[in-house]
Structure formats: C-alpha cells, structure tokens
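Undergrad: here's my sequence, what's the structure:
(chains A, B, C, D, E and F)
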4 protein chains.
Amino acid sequence: MKTIDKHEKIIKAAVKVFAKKGFFSARISDIAKVAKVADGTIYLYFNNKFDILLSVFDIEIGRLINQVKELIEKETNPCRMLEIFALKHLSLLKENRSLAEIIQMELRQNNKLIKEYRVTKFSEYVDIISHVIRQGQALNLFRKDIQPGIAKRAFFGALDEMARLWILAPKPAYNIEETAMQISKIFLCGIIDKGSAQADEKRC
Amino acid sequence: MKTIDKHEKIIKAAVKVFAKKGFFSARISDIAKVAKVADGTIYLYFNNKFDILLSVFDIEIGRLINQVKELIEKETNPCRMLEIFALKHLSLLKENRSLAEIIQMELRQNNKLIKEYRVTKFSEYVDIISHVIRQGQALNLFRKDIQPGIAKRAFFGALDEMARLWILAPKPAYNIEETAMQISKIFLCGIIDKGSAQADEKRC
Amino acid sequence: MKTIDKHEKIIKAAVKVFAKKGFFSARISDIAKVAKVADGTIYLYFNNKFDILLSVFDIEIGRLINQVKELIEKETNPCRMLEIFALKHLSLLKENRSLAEIIQMELRQNNKLIKEYRVTKFSEYVDIISHVIRQGQALNLFRKDIQPGIAKRAFFGALDEMARLWILAPKPAYNIEETAMQISKIFLCGIIDKGSAQADEKRC
Amino acid sequence: MKTIDKHEKIIKAAVKVFAKKGFFSARISDIAKVAKVADGTIYLYFNNKFDILLSVFDIEIGRLINQVKELIEKETNPCRMLEIFALKHLSLLKENRSLAEIIQMELRQNNKLIKEYRVTKFSEYVDIISHVIRQGQALNLFRKDIQPGIAKRAFFGALDEMARLWILAPKPAYNIEETAMQISKIFLCGIIDKGSAQADEKRC
DNA sequence: AATGAATGAGCATTCATTCAT
DNA sequence: TATGAATGAATGCTCATTCAT
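TA: Model prediction:
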C-alpha cells in the first residue's frame, strides 16, 4: 500500500509541478515538496527526472486513453463516436488542466526519447480516430477519398488547438459541448453551405 | 550594415540551434559558434537567452505571416484562400524545418512571456483564417452557424498537427499538396458521404 | 553465536567491497548485500562506515600479525626470521588479495583516525622486524651501525612495494619464494659484489 | 601568461587541498578558494576533479623526475647514483610535503585510471633505479644474481616507507642525510656483519 | 563594437544514517 | 534483533551573464 501510495503521490505532484513550470524549469525539490516527500525518496521510485515525465505519460495519458476508449466502444455509429471523442477529450483535459498543459508542452519537446515514446504510446490514443474513420468508410458512411491517416491528424489537431487555447486563456470564450459539436460538425459536414446558391455558383 | 548583419546572423544561428536542441538544451555558446561570433557579442544585440527566442519569432514568423498574407490577398474566393493558406503554411514550414520545429516546441512552453507574446504576435497569423471565414459567411458561401473563432483553430490545429508529424517522422508518408487539399476538403466539405443512402439513413 | 556470526559476515563482506572499490567508493548497501544483511543491520554492529574500516584492520591485520609472529617465534636465527617474515608476509597477502589491497589503499588515507590507528595497531606488526634486528645486533650477527628503526622500514617498505606490484599487475612476473629471497638477500648481504676487484677499486 | 598563471595556481592549490583532505574529501570549492578563483574557472582548465589529480601528477611528479634525473646523470658511479637518488628523493619530498602526501595517498587508490597512469608515468621514475642497477651489474660492481626488477622495488619501497613515516609523524626522528645513507648502505652492503665470526658461523 | 575568460548561482543525484515496524 | 523505506545534507559540474581588454 505504501509503495503504491508514494509512487502515486509523486506522480500527482509531478503533474502539478511540470504543468506549472514546465519540465526544464521544474526542480526535483519542488516535486518532493508538493508530494510531501524527501528529495531522495523520489529516486526510490524513479530513475531520474526524465523518468518521472515518462511515468506521468504512462499513468495519466494511459488513464485518458482508457476512459475515452471505454465510452467509444459502447457506440456503434461512427459519427457519434467522433462526437464522443471530441467531447470526452476536451472535457477530460478540462478537468485535468495540469495534464492538458503537460501534453501541450512536453509532448513537443525535441527530445529523442519523447519522440520515440510518443510514437509508441500517444499514437495509440490518436489512432482511435483513424479506426473510427475506417469503420465509417466500411459502412459507406464516410467518403472513401478521405485518407484516414490525414483525417485523424486533422481531427486531433483541431481538438488539440482548442485545448491549447484554454491553457493560454484560462477563462474560455466557448463551452465544451459547443466546441466539441462545432469541431465534429466541421469535420463531418464541412463549413460550406450546400443549400446556398452562391456556394454552388462559385464551385467552392 | 555590419550591425544588421550580426543581428541577422545570430537569429539565423539561433533558429538552427533551438530547432536542434530545444530552447532549454541550447547553449548560448552553441549559438555563438554557429553565428561565428563571440559569446559576449550576443549580449550586444539581445538582452538574454529568452529575448533571442522572442526575436526568432518576431523575425521568422513575421516573415511567414507576410508571405502567406501576400498570396491570400491576391485571391477573392474564400474557399481558395483557405486552400492557399493550407498549402502555403505547410510548404513554407517544409522548406524551413528549423522554424517548424521551433513553432512546435517552443510555442508550447509554459512560460508567461511566451503566452503573452503568443497572444500578441502569433494570433495575428491564425487570425488570417477567421477573417477569411467571416468573408465567406458574408458572401453566403459558408454556413453561418460555424463560429469563426472555433473554426480558425480547428483549421490551424489540423495543419499544425500535420507539421508535427513531419517533424517526428522526417520521411513524410504524404506529400504537401495532397495533405493541404485533404485538410481543406475535410474542412470545407466534411467527411460525410452525402450521396450515400446509408449516411442519410443513419442521420449522421 | 548469531551475533558473532553477523559481525564476522559484515567484516568479511567489507574486506571484499573495500578491496574492490576502495573505502570512499564502497557503499554501505554493497557491504550489506555481500553480507546478506539489511543496510540497517550494519549499524547494530558498527557505529559508522569508518568504524567498519577500523574493525577490518583490527580483525584481519590482527590475524596477519598472529600468523607471522607464531612462525617467527619458532625460529632462533635472526637471518632466518627475516627470511620467514618476508616469505610469510608476501604469501599471506597473496592468499588474501583483498586484504592486501586494503592495506595498500586505505592505510595511506590522509585521515587523522587512520594515522593514529596506524601508529597504535599496524606498527606492532612492523615492529616485529626491528625486534629481530636488535636480536641480530645483540648476537653480533648484524652490523651495529644499522639503525633498527630505519632498517625495519626499509625492509617492510621493500616487501610492501612488491605487494603493490601484485595488486597493480594481477599476473606477477616473480614468484613469492624468489621475491622473498631476493629481498632478504639484498637486505642481509646488499647488492655489492664484494668478491669483485672493481667494487673494491671504486670503494663502493 | 594569464592562462598559464591560472592553470598553475589551480594545480598548486589542488596539491595543497588534496594533501590536506585527500582526493575524495577535497571539494572543488576548496581548491577554488585556495586558488582564489571561481569554482567554474577550474573547469576551464580541467575536465573534471579526477583530471586535476592526474595533472598534479603530470606536473609535480614530472618535476620530481626531472630534478632527480638531472643530478644522477652527472654521476658515473652507480653506488653514488643510488645514494644520490635516495638523498634527493627524500629531500625533495621533505621540501614538498603536500606532494609527498599525495603520492602516499592517491597513488594507491584502487582506481583503474590511476593504475594505468601509474604504470605509464610513475614507473618512469622508479625505473631510474633499475637502470642504475643494470649499469652496476655491467661494470661488475653489483652482484649478477640480483634481479633489477625486484631490487628497484625494494629500494624504492624502502625510501617510500620512510617518506610515509614523515607524513604520519611530522617531527621526524631521523634526518634526511642519515636516512638516505642508511638505506643506501643497507641496500648496497646489507646488514650482515661480514667481519664477524658469528655471522659466518651461522651461515647467514 | 567585439572578445572570450571569468564568474558563481543553481540543481540533479547519491548515499550514510535513522527509525517505525 | 532485524529490516529497508525514508531521509536530506552534501557536491561536482553547467552555463547564462558580465566585464576588462
């Protein structure tokens, strides 16, 4: 119990501190202080500072993946699945602002390990989207000329950019449901007004 | 001339070094070496390390903004404008991989100054998109229920995520034109197959 | 019995670890691991790390002293006594390479306690030599102009330097008996060739 | 001039600090303080702490070697050469007590680099002795059954042990000239009283 | 303006020692 | 007695910044 306790406490503290200061500016003693643990204790559970960051991903992003996956698996309609992904991704990050900040910041560090790690672990999450898109195409719901590999990134990138906005501006101008719906709509239906004569005329 | 020369040389060197190592891991002496300048000389042109980073944005992103703006202003059709934005954004970052890496990495640093700066400077670039969207809506080309503030982020985020892919995987699976077109298409038309009976049936 | 057992086990382990890594580089946990004992247990038997080192000397060097003394006491001829000392010193250290390394390394630490300790304990061993020399002088076997205090150090130093050689070069170029005899001979007879006309001529 | 100055100052300071505290207990900041230099400055001249120690050997022992060699080369009689070696070795270490302490202490560290270094550099010094012995043997001055490799160690070890005594007991009981002569005599003539009937009788 | 040697604050990590169990 | 998790003081080294030249 104790071991799990300390490990967890340190992870939680690291999430907070990394979010607040960023990986490079965070000091081990900051994490230790927040975790109410001695500096040296951290090294009983982690090999080094970077190892803490990787563990944060393992644990916290793993948790994110599981929650989103679980919800999506209950659904059969690919359109709904994407809507749920958008809504859940945004709301979970909203609830866990620290994690959102870490994903924003640290996932982009130009670090070999992060790069490799990201390929391995984080892509599992984003690949949920491309699986859904392929299902939609198989059901003749989605256009076949859309490449799932590009579309998944477009969808995830759109959501990610919104998350970034929230980090920059703590008081969001848009609520989660609306944002998730707008992005899903843009993605699913596009922004062209098909009922409009002008659009047709201009061959948009 | 010489002063301008040095300032420019240092900026160029900083772009390379920041891109290769990231801001925190980059050393002033690295930049000085690449710029073929003494360490101390850098402090004749910049206040501190972070000031170099801000200047990189000022100069290099300013250049990016100008190039994209110029092309878009020649166009009147909002649909084409977005296509051009996508194509140009991706191809310019492709040509200037170092800048692309810096945007990816450093723009997400959880740093007060960067945050403030980003609001001020970088948003000017992204706002090109929302202006275009508003133009499209005014022309009855784009649906009025799309919020330009969300849509601009969705569009930029989609492009940005593709740029990120290229940084992580130097050998891209997708070419620029195709990627730009796919993203524009998704954004403009959505991914639902409107001609399909299934899509209609499932009220997707 | 058990307590003695543990104490002994720790000492034995410490000899190995100190020999392998040196006092400063040896970790308490290394010793604990080799002794198959918990780290904390060591502190039930020793006050601190340095105390272990002193105990190693007490026990292991004490053992060395006893063995050499015992053999020498059986002998009456001072010349033979020195030969035996040389042979036994070298062969015992050869058998116990770890102890040899510790004597080499740790006995020279510039540490007040070691210094004091050395005077107290180790000199008892070296004094065997001066006692023998005085016996030889009393029996008119050895020259009276030789100062026992210097001679004992010369003899011990010579042996010690050979031991050092073995530690540095695990595969010795010289065997023990030969080495012991050579050193005894040099010490007892010198290296000048008294039968040679040249030596006489040069008043060497 | 400045560079040489600082390098020299740091070496000198390191000799003092290493002598006083020993390598492991010496702190870089101690050396910096004694050298009247900032901590970081040390790293402009040395790669790391151990590199300082090696440099101390290079410079200071190199100096010792040169001085002893120079004197010996003026001499042709191998007996005198050994006497001079003994006298000079002891008196130079006497003058430079810090260096003497470092040789005593650090030369015996069980450290791979030191071991290798010692073979390379320090043996050059000790080999002076074996060269002299071979010369003596070639001139029929010294007995041919003495192995120079063992004899050199015996001679050096004897001197070294005396140096050690001085380090342990700052107030020496024996003066340098007397000590050097005694060791040379023991080495050259042995301690057996050849004029004595007893010695002959006991086949010593 | 330009240099680059010098500075010294700052921090990750180690490990002897303690103490609750 | 015995354990080993927890502690936290201690330190080698880095590197942004300064400043005498």
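
Undergrad: can you give me the buried ones in stretch A:92-104?
TA: Residues A:L92, A:L93, A:N96, A:R97, A:S98, A:L99, A:A100, A:E101, A:I102, A:I103, A:Q104 are the ones in stretch A:92-104 that count as buried (16 or more other CB atoms under 10 Å in any protein chain shown). From N, CA and C alone the C-beta is placed, and that goes for glycine too.

Undergrad: what about A:E8, distance to A:I59?
TA: Taking CB to CB, to the nearest Å as the measure, A:E8 and A:I59 are separated by 8 Å.

Undergrad: and the two? which has more neighbours close in?
TA: A:I59 (17 against 13; other CB atoms under 10 Å in any protein chain shown).

Undergrad: pLDDT value on the more buried one, please?
TA: For A:I59, the model assigns a pLDDT of 85.

Undergrad: helices or strands next to the helix or strand where A:D51 lies in the packing?
TA: Here A:D51 sits within helix A:49-56, counting by DSSP states H and E. Secondary-structure packing of helix A:49-56 (3 or more CB pairs under 8 Å, 6 or more residues apart in numbering or on different chains; DSSP states H and E): helix A:2-21, helix A:112-117.

Undergrad: ranking those by mean pLDDT, which is last?
TA: helix A:112-117 - the lowest mean pLDDT of the helices and strands packed on helix A:49-56, at a mean of 60.

Undergrad: can you list the residues of chain A near DNA strand F?
TA: Contact residues (CB under 7 Å from any atom of the strand) of chain A with DNA strand F: A:K2, A:T3, A:K6, A:V37, A:A38, A:D39, A:G40, A:T41, A:Y43, A:L44.

Undergrad: tell me the one of those nearest D:Y174?
TA: A:G40 (50.6 Å; CB to CB).

Undergrad: whether the helix or strand that closest one falls within contacts chain C - can you check?
TA: Here A:G40, judged by DSSP H and E, is contained in helix A:39-45. No. Helix A:39-45 is not in contact with chain C by CB under 8 Å from any CB of the partner chain; minimum separation 12.3 Å.

Undergrad: average model confidence for that helix?
TA: pLDDT averaged over helix A:39-45 gives 97.

Undergrad: quick one: stretch A:166-177 near chain B?
TA: Yes. Judged by CB under 8 Å from any CB, stretch A:166-177 and chain B are in contact via A:I167, A:L168, A:A169, A:A173, A:Y174.

Undergrad: now the buried members of the residues of chain A next to DNA strand F.
TA: Buried members of those, scored by 16+ other CB under 10 Å, are A:K6, A:V37.

Undergrad: which among the residues of chain A next to DNA strand F gets closest to DNA strand F?
TA: Nearest to DNA strand F among these is A:G40, at 1.5 Å by CB to the nearest atom of the strand.

Undergrad: got a markdown table for the buried residues of stretch A:92-104, with secondary structure and distance to chain C too?
TA: Shown next, in a markdown table, are those (DSSP: H, G, I helix; E, B strand; the rest coil; distance: CB to the nearest CB, whole Å):
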| residue | secondary structure | distance to chain C |
| --- | --- | --- |
| A:L92 | helix | 42 |
| A:L93 | helix | 42 |
| A:N96 | coil | 38 |
| A:R97 | helix | 41 |
| A:S98 | helix | 35 |
| A:L99 | helix | 36 |
| A:A100 | helix | 40 |
| A:E101 | helix | 38 |
| A:I102 | helix | 34 |
| A:I103 | helix | 38 |
| A:Q104 | helix | 40 |
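
Undergrad: in PDB, could you pull the C-alpha coordinates for the helix holding A:G40?
TA: Presented in PDB, the C-alpha positions along helix A:39-45 are these (Å, rounded to 0.1, in the frame of the first residue of the first chain):
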ATOM      1  CA  ASP A  39      14.100  14.600  -2.400                       C
ATOM      2  CA  GLY A  40      15.900  11.300  -2.200                       C
ATOM      3  CA  THR A  41      12.600   9.400  -1.900                       C
ATOM      4  CA  ILE A  42      11.800  10.300  -5.400                       C
ATOM      5  CA  TYR A  43      14.800   8.300  -6.600                       C
ATOM      6  CA  LEU A  44      13.400   5.200  -4.900                       C
ATOM      7  CA  TYR A  45      10.600   5.200  -7.300                       C
END
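
Undergrad: helix or strand for the spatially most central residue of chain A, which one?
TA: The residue lying closest to the centre of chain A (CA atoms, centre = their mean) is A:H89, at 6.1 Å. Counting by DSSP H and E, the element that carries A:H89 is helix A:78-95.

Undergrad: can you tell me the closest non-neighbouring residue to the one residue in chain A that gets nearest to chain C?
TA: Of all residues in chain A, the one sitting closest to chain C is A:L44 (12.3 Å; CB to the nearest CB). Residue nearest to A:L44 in three dimensions, not counting chain neighbours: A:K6, with 7.7 Å by CB to CB, 6 or more residues apart in numbering or on different chains.

Undergrad: repeat that for A:F187.
TA: A:F187 sits nearest to A:F155 (CB to CB, 6+ apart), 5.4 Å away.

Undergrad: the one you found touches A:E83, doesn't it?
TA: No. Under the criterion of CB atoms under 8 Å, A:F155 is not in contact with A:E83, lying 11.0 Å apart.

Undergrad: and these two? Which one has more around it.
TA: A:F155 (30 against 19).

Undergrad: ok so, going back, within reach of chain B, which of the buried residues of stretch A:92-104 are there?
TA: With CB under 8 Å from any CB as the criterion, the buried residues of stretch A:92-104 include A:E101, A:Q104 near chain B.

Undergrad: circling back: what residues are up against the residue nearest to the centre of chain A?
TA: By CB atoms under 8 Å, 6 or more residues apart in numbering or on different chains, A:H89 lies in contact with A:L64, A:V68, A:L159, A:A163.

Undergrad: and the two most separated of the residues you listed?
TA: Pairwise distances across the contacts of A:H89 (CB to CB) peak at 13.6 Å, for the pair A:V68 and A:A163.

Undergrad: out of the two, which sits in the busier spot?
TA: Neighbour totals were compared for A:V68 and A:A163, and A:A163 leads with 22 against 18 (other CB under 10 Å).

Undergrad: now do the SS call for that one.
TA: The assignment at A:A163 comes out as helix when based on DSSP: H, G, I helix; E, B strand; the rest coil.

Undergrad: could I get the pLDDT score of it?
TA: Per-residue pLDDT puts A:A163 at 87.

Undergrad: so it sits against A:L99, correct?
TA: No. With contacts counted by CB under 8 Å, A:A163 stays clear of A:L99, the gap being 10.1 Å.

Undergrad: common neighbours of these two, please.
TA: Common contacts of A:A163 and A:L99, defined by CB under 8 Å, 6+ apart, comprise A:L93.

Undergrad: would stretch A:57-72 count as contacting chain B?
TA: No. Counting by CB under 8 Å from any CB, chain B is not contacted by stretch A:57-72; separation bottoms out at 15.1 Å.
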